[in-house]
Every structure is written in C-alpha cells, then in structure tokens.
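> After the sequence you'll find the predicted model.
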Amino acid sequence: MRPEKAIVLAAGFGSRLSPVTDFCPKPLVPLHGKAMILHQLELLQSWGVKEVLVNVHHLADVLVAELPKICPEGLKLNLSFEAEILGTGGGLRRMAWFMDDDPLWVCNADVYQKLNPEPLLNAWVKEQPLACLWMIPDQGPQTVRVEKGRVVDFRAGGQTFSGLHLMNRRTLDYLPERNFSSIIEAYDAGLAAGEKILGVEVPKSVWADVGTPDQLLAAEGGAVIFPGAQLRKTQKARGLVVAPAWGLSKAEQKALPEATAVELLPARGSDRRFRRLFFFDHSEIFIRSGEARPENNRFVGHSRFLAQRGIRVPQILKSRQQGRWLQVEDLGTEHLLDRLQAGSPARNVKDMRGVLESVAAFHALKIPAQCSLETPFDPALYAWERELFEKEYVGRFGEVSELRNHQKSLFRIPEILMAQPQVLVHRDLQSTNIMRVVETPDSRVHAEVIPAPFRARGVRPGEMKPERERPLELPRKRGTPAFSWALIDYQGMRRGAAAYDLGSLLADPYVNRPLDLQMDLLKYYNQVAAEEVAVEVLAAGAVQRLMQALGAYGRLGALKGNERFLDHIPAALNQLAHWVGAFLEGQGKRNPLREDSR
C-alpha cells in the first residue's frame, strides 16, 4: 500500500517567523538551499506520491506564482485558497474533494523531516485505524500520551505529534460543525467513540520544527540567506539575511541606496528595530526608533559623551529623522554572553575581569551638569520596579516563596541603595549589552582607554581629559588582535548606586553563575573601582534588579512572538533565592538557604 496523494498544510499567517513572513510566505523561506516546502514535496514524491494539494492564505498570490515553478517534475500540484483561516481541521474539510477511501499523507510545510515511511504504512495495513501519526519521543512539547502504540490522550504528556499523519476522508466525520477547527478535535472525538489512532515512532529519523527564527537558524546551522541578498565571501552574518527590498521600507531604501543585503536582527524589548546593513566594503547597524520611549532620543548624545571619555561604544555614523534613524558602527556579533557560554572557566574569569575594568571606568565618570540623563534612581523608581514585579510576575505566576516572610526587610532596599554614592549607571548592564570588539587599524576609539586595573597604575578612570581620536593601542601578544569591551543599549543611563549595575551583571539570569564566583568578581571590581561596593549593598542591588527582570520577563513574555523571555524565569528565580539569602544575612537575619542558619 503506497498512498499516491498528499496534503501539505501551508495556509497559516507565519506570525512565528515574523518579520520574514511580512514579505515572504513561510513555505518559500529557504532552508539548506531550497524553499522549505520543497523539502516536503521531494520527500513525498520519493515515497510514491503523484499528486499533492497545498492550501494557501497569507501572501497567497506569491505562492500561486512560485509554487508551480519549484514543484518537482512529475508531481501534480493543486492549490486550495482559504479566504479566512480555517485551522487544520476546517482546512482539511474544505479539501474533502481531494480525498477518497484510500489513505493519504498530511504534513505541515514548516518542518524539516527525514524518515522511512514503512513503519507508518505497515501499522496502517495491520491495524486499519482512523489515523496513523508519526510521534517524536524526545523533542517538542511532548503533550501526547501513547500506550502500546495507540494514542490515548492528546494532553496527558509523553510524546510530540510531528504533524505528519496518514488518514482518509472518514476522519472528517469527527470534526465539529463550524468553520474553524483543529484536526486534534476530530481525533479527540474519534477516541471518545472508540476509534483506533496509532502513534508510531520511526527509528533513525530527523525532525525539526522550523517555524521560528531561532528554530530555522538552528536547523540551517548558520545564517539563512534569502534570494536577492548580496554578500561578499568575507562578510559574515549569523541570522536571517534578505534583500534590501524585503528588509527596509521604501523610504529607508531611498535613504540607503547602496545597501546590498539586510540582516534582520532580533528585537531587544524596546521601541526600536535593528538591522545589519551590508554594503560593498563594510557593514553598519541601522536603528529605527519609535516615539513611545523618549530615552531612545538620548542615544546619540550619550554615545558621544561616553566616547569622548574613553568608554568603548559604537560610533554614530549618521543620524536622520531627529535621531530616530541611526546608522552606527557594526561592532560585530560577539556578545559577552556568547563568550561566557563557549569559554572555559579560566577564560571566563579573565573576560569578566576585563569587563569589570570597563564598568569601573564607566561608574567613575564625572557627569557634567549639561548632560541630559534619565530620571535618577530614587525611592519612587525603585517602588515602580517592585510594582512591575508584583503585577507582571507575581500576578501571572504566583508568589515567590523566598520573599513571602521577609517583606519588611526587603522594603529597606531603596533606603540602602539611596545611601550609596550615586554614580553613572547603565541601568541594563546584562551580558547581552556588552560586546567584545576586535579592533582593526580602522577602528577609532579615544586615547584615554585604560585597559589595566586603574588603582594599580595610579590612575582613576574618568579623570583623563578627552584627546583627539587615534587607533586603539592595547598590549597584546604577537599575532593576537587587540580587542576591547564595548557597551550598548545605554540610552537609559542615569544616576544610581553602582550595586544596581553589578547586580545586573554578576547575577545575570542569562548566565546564572554560582554565588561564590560572583563574590570573587565583586572582589576584583573593588580592586579596580574608584568606590568599593560592600557585599550587603550588592545583595540589595541584585535583589532589586532581579525583581525588575522578572517583572520584565513576565510582561515581555506575554507578548506574541516574545515567548523566549519566559525561558529566563527559572534562572532569575534561582539567582533571586541566593541573593535574598545573602541580603538577609547582611541585615542580621536568618538565611533560609543555609543549613547552619536553622
């Protein structure tokens, strides 16, 4: 038994893959050098399929024009247009005319899969079920319970339904009587009626959901280059790279006519859009800001202020639209987080010491009266961050047990932080906002960069007067390129306690480093900084920052397309538990995490 028909479901909006799918329908997104859907069509044809039906909706005109061009020779292509989204169940009902009593394959367009179909075909012949589903035992959401080869519950957990199944027209009898529905509703009804639905694993198979940018890049194993994007061999990218006509608005294309390709950089949780622009001989970062966040308008002034005082930041190359369209220096692709995730413990300590020297220089800067900053940290701002935590995290996920019995002590945090020297703070000094920049002869930074511990050399950071720009000169071994640590996303900088920044950096949930290593790094910061930070003060800053971060994760993670922020909640809770304990000890209270404190 070899099914000769197949349906490929391709009518979704592709919203998970936005912004790519704003201009390219998901089935045509390239993967391993060919359109995503072509992998499915070629696989189905290799199984003996002679005719396919593809349903379309979003950018249907593009699919109607392009699918006939790429469809494998000898495979008959039919298209079904859905004027409104009908779901996997409603869409299949609309395509009932294509089905008969023989089984046919149904699969999704936005997966990458390689498998031998024989286990599913043999199960169908032997059992004659309502449907036969390919199950993935160790990937995906794992929501389906399978017992002895039969699906018993689609929500009890255990395995993942891959989206590939064998079925026939009889399955449609179990769909609800409405336009929109899911095929899982039909399978639920079938199970309730006593029908057999098989769940079959296939050994030595490959399956990957490629419906989001991260999933697509993981499956590709590197940058995904779309048709029309022109890159030289020496130009490097790591994300989704498209032609300027797809990656820029018409007004932006007019302002940037020499761009040859555009890399779509991920959103960073602010009212800004980022693009990497490729030109014939270099690349730049294009930042377009909206009007919802006034601090974004200060980025240009802050960049110049910091650069003049020896802090490595991206150069402003061109400013348009009152600073809302910016072309800035491309610092590369290596964030501190990348280094820490790939590095050895010894290298990571060395890197963090270099970062802390730069942070100490930043904290020691003297702030001129005419420098326009955000509102300083004060009790009201600290209270607002706590309210954000209460509303967006506690309100969504419930109370944090480590905080429950210590509210009175924790309410002292603003008082403790306000009693410290109020220095220039970044406000969002996490590992994704620090970059390692390999300096070339064309790199221009200010001469007063001090790459070694300041106290050891008798020079306090921020005390040198700005000099004219010159190429960076750093001590290095022969053949080793010079590099520096650069800050980004500093538009929200303001006066506050250095402990807040140190809490952001050392207790960063993205890194989730052990508490003892954080203490060692604090000691090093105190060796090179103009003002030392006590452990109990760092604890106050870390707890305050982690509550703010959890509130932000809750708020951002609730937005469509931003679910990745929720992944950081467990690490943030772990860090919060450790630092709440350290804070309580600093206040003479019992640390609930220590056995000997009981």
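Cool, the structure landed.
> which stretches of the stretch 301-450 of the chain form strands?
316-320, 325-329, 422-425, 434-438, 444-446 (DSSP state E, counting those that start in this stretch).
> Out of the ones you listed, which is closest to Ala192?
Ala192 lies closest to strand 434-438 among these, at 55.4 Å (Cβ to Cβ). In short, each C-beta sits where N, CA and C put it, glycine included.
> would you list every one of the helices in the stretch 451-598 of the chain?
454-457, 498-506, 515-528, 535-557, 569-586 (DSSP state H, counting those that start in this stretch).
> Quick one: low-confidence residue ranges for the chain.
The chain contains residues with pLDDT under 70 at 268-270, 441-481, 561, 588-598.
> Let's see that with 50 instead.
444-477, 592-598 (pLDDT under 50).
> Show me it divided up by domain.
Per automatic domain parsing, the structural domains of the chain span 5-210, 222-329, 336-597.
> could those domains go into TSV alongside mean neighbour count and distance to Leu216?
Shown next, in TSV, are those (neighbours: other Cβ atoms under 10 Å; distance: least, Cβ to Cβ, whole Å):
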stretch	mean neighbour count	distance to Leu216
domain 5-210	18	5
domain 222-329	17	6
domain 336-597	18	14
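> Okay, now stretch 23-39: how far is its last residue from its first?
Counting by Cα to Cα, to the nearest Å, you get 21 Å between the two ends of stretch 23-39.
> do stretch 115-132 as well
The straight-line separation of the ends of stretch 115-132 (Cα to Cα) is 15 Å.
> now stretch 310-317
OK, stretch 310-317 end separation, Cα to Cα: 18 Å.
> wait, isn't Leu191 in contact with Leu198?
No - at 11.7 Å, Leu191 does not count as touching Leu198 under the criterion of Cβ atoms under 8 Å.
> so what sits against both of the two?
Here Leu191 and Leu198 have Val151 as joint contacts, going by Cβ atoms under 8 Å, 6 or more residues apart in numbering.
> Show me what stretch 26-36 is in contact with.
So stretch 26-36 is in contact with 8, 10, 12, 14, 17, 20-21, 37, 39, 54, 58, 62-63, 66-67, 70, 109-110, 112, 210-211, 216, 219-220, 224-227, going by Cβ under 8 Å, 6+ apart.
> ok, back up a step: now the helices of the stretch 451-598 of the chain in CSV, with distance to Ser283?
What follows is these, written out as CSV (distance: least, Cβ to Cβ, whole Å):
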stretch, distance to Ser283
helix 454-457, 33
helix 498-506, 28
helix 515-528, 33
helix 535-557, 28
helix 569-586, 32
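> Out of those helices, flag the one nearest Ala186.
Per Cβ to Cβ, nearest to Ala186 of the helices of the stretch 451-598 of the chain: helix 535-557, 31.7 Å.
> gap between the closest one and the chain center?
20 Å (Cα atoms, centre = their mean, to the nearest Å).
> how big is the angle separating that helix from helix 498-506?
60 degrees (axes from the mean of the first three to the mean of the last three Cα atoms, to 10 degrees).
> Would you mind confirming that Arg232 makes contact with Ser283?
No - with contact defined as Cβ under 8 Å, Arg232 does not count as touching Ser283 (10.1 Å).
> Under a three-state scheme, what state does the closest residue to Lys196 other than its chain neighbours occupy?
With Cβ to Cβ, 6 or more residues apart in numbering as the criterion, Lys196 has its nearest non-adjacent residue at 4.0 Å, and that residue is Pro129. Counting by DSSP: H, G, I helix; E, B strand; the rest coil, the backbone at Pro129 sits in coil.
> Now do the contacts for Pro129.
Pro129 neighbours (Cβ under 8 Å, 6+ apart): 123, 195-198.
> where's it relative to Asp351, distance?
Remark: distance between Pro129 and Asp351 (Cβ to Cβ, to the nearest Å) = 56 Å.
> For Phe81, list the residues it contacts.
55-57, 60, 64.
> In TSV, list those along with secondary structure and distance to Pro119.
Output for these, formatted as TSV (DSSP: H, G, I helix; E, B strand; the rest coil; distance: Cβ to Cβ, whole Å):
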residue	secondary structure	distance to Pro119
Asn55	strand	27
Val56	strand	31
His57	coil	32
Ala60	helix	35
Val64	helix	35
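> which one of those residues sits closest to Ser181?
Of those, the one sitting nearest to Ser181 (Cβ to Cβ) turns out to be Asn55, at 14.1 Å.
> On the strand side of things, show who the closest one bridges to.
Beta bridges link Asn55 to Leu9, Ser80, judged by DSSP bridges.
> doesn't Glu82 make contact with it?
Yes - using Cβ under 8 Å, Asn55 is in contact with Glu82, at 5.7 Å.
> Mutual contacts of these two, please.
11, 91, 94.
> Those residues in helices, which ones?
In helices, judged by DSSP state H, the following of the shared contacts of Asn55 and Glu82 are found: 91, 94.
> which among the shared contacts of Asn55 and Glu82 gets closest to Leu487?
For these, the nearest to Leu487 is Ala11 (44.9 Å; Cβ to Cβ).
> wait, what's in contact with the closest one?
55-58, 80, 82, 85-86, 91.
> coming back round to it: from the contacts of Pro129, pick the one nearest Glu374.
Checking those one by one against Glu374 (Cβ to Cβ), the nearest turns out to be Ile197, at 57.5 Å.
> Find the nearest non-adjacent residue to that closest one, please.
Excluding its sequence neighbours, the residue lying closest to Ile197 (Cβ to Cβ, 6+ apart) is Val151, at 4.4 Å.
> Distance-wise, check that neighbour relative to Asp209.
In terms of Cβ to Cβ, Val151 sits 19 Å off from Asp209.
> Just checking the distance from stretch 89-97 to the centre of its chain.
35 Å.
> swap in stretch 101-121?
That offset, for stretch 101-121, works out to 31 Å (Cα atoms, centre = their mean).
> Between the two ends of that stretch, what distance do you get?
Start-to-end span of stretch 101-121 (Cα to Cα) is 15 Å.
> Going forward, the N-terminal residue is numbered 28.
All set: I'll call the first residue 28, so the last point we hit is now stretch 128-148.
> now Gln280, nearest residue through space, not along the chain?
Pro271 (5.6 Å).
> dump the residue contacts of that neighbour.
Counted by Cβ under 8 Å, 6+ apart, Pro271 has contacts 280, 283, 286-289.
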